[in-house]
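Undergrad: Turn this into a structure:
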Amino acid sequence: IEEHEYVDVTTPPQESYVSDPPDGKVPYTPWALAKRNEIRAGLARGWPGETGQRLYSDPAALCLVGMPRWSFGAQEIVQKPGYVIMLTANTYRVIPTDGRRPIDPSAKFFFGNSRGRWEGETLVVEVTGLNGETWIDSAGNFYTPNTRMLERWTWVDANTIDYERTIEDSTIYTRPWKMTYPKRRAGTAGAGG
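TA: So this is what the prediction gives:
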């Protein structure tokens, strides 16, 4: 999610998806940045400062994919009265939009507990109840069960949705931060995000 050079085939060069703060960096607290750097150094995949000994494995390599990573790939979005369903090649997500309350906050899940509402052409989704057992990306950027995410899916045109995610967790970040990127229909110019 942060800009970086080529690391290996699982982590090619990438520009930053972090739009706030303006420096494009996740605003970790000092201990959380040290933890992220420890994870990164233990991947044994070419990161600067790594130990060369594999101490950590990307949870997605074990098919443990959760929020927010699942939303980076291709999706099909189905809207029905009272809910929105988002489908990927190997999983799905149901987002109630009928005003129901979230389930008990002590319940934790890979995809968390999503509740949505419409603000004009924008689907706003609050995600709580995350279990914190997956990463944001393949480079060891992480979150915890205390993390709250707010997604904004804004319809731009027939082929484009602007996607914005605000991530809040005062236990590991110094402030809320945002990722933004366009999601384009497969087969159209710029598709892939």
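
Undergrad: Surely residue 127 and residue 116 touch.
TA: No. In this structure, residue 127 is not within contact of residue 116 by Cβ atoms under 8 Å, at 9.7 Å. All C-beta atoms are positioned from the backbone trio N, CA, C, and that covers glycine.

Undergrad: So the two - more neighbours on which side?
TA: Comparing residue 127 with residue 116 by other Cβ atoms under 10 Å, the one with more neighbours is residue 127, at 24 against 19.

Undergrad: Point out where this protein drops to low pLDDT.
TA: In the predicted model of the chain, residues 6-13, 44-74, 189-193 satisfy pLDDT under 70.

Undergrad: need the contact list for the closest residue to residue 170 other than its chain neighbours.
TA: Leaving out its chain neighbours, the residue that sits closest to residue 170 by Cβ to Cβ, 6 or more residues apart in numbering is residue 146, at 7.8 Å. Contacts of residue 146 were listed using Cβ atoms under 8 Å, 6 or more residues apart in numbering, and they are 132, 169, 170, 171, 172.

Undergrad: and these, which are buried?
TA: Buried members of those, counted by 16 or more other Cβ atoms under 10 Å: 132, 169, 172.

Undergrad: How about the backbone phi and psi for the residue lying closest to the second one once chain neighbours are set aside?
TA: For residue 169, ignoring the flanking residues on the chain, the nearest one in space by Cβ to Cβ, 6+ apart is residue 147 at 4.1 Å. Torsion angles at residue 147 (phi, psi; degrees, to the nearest 10) stand at phi -70, psi 140.
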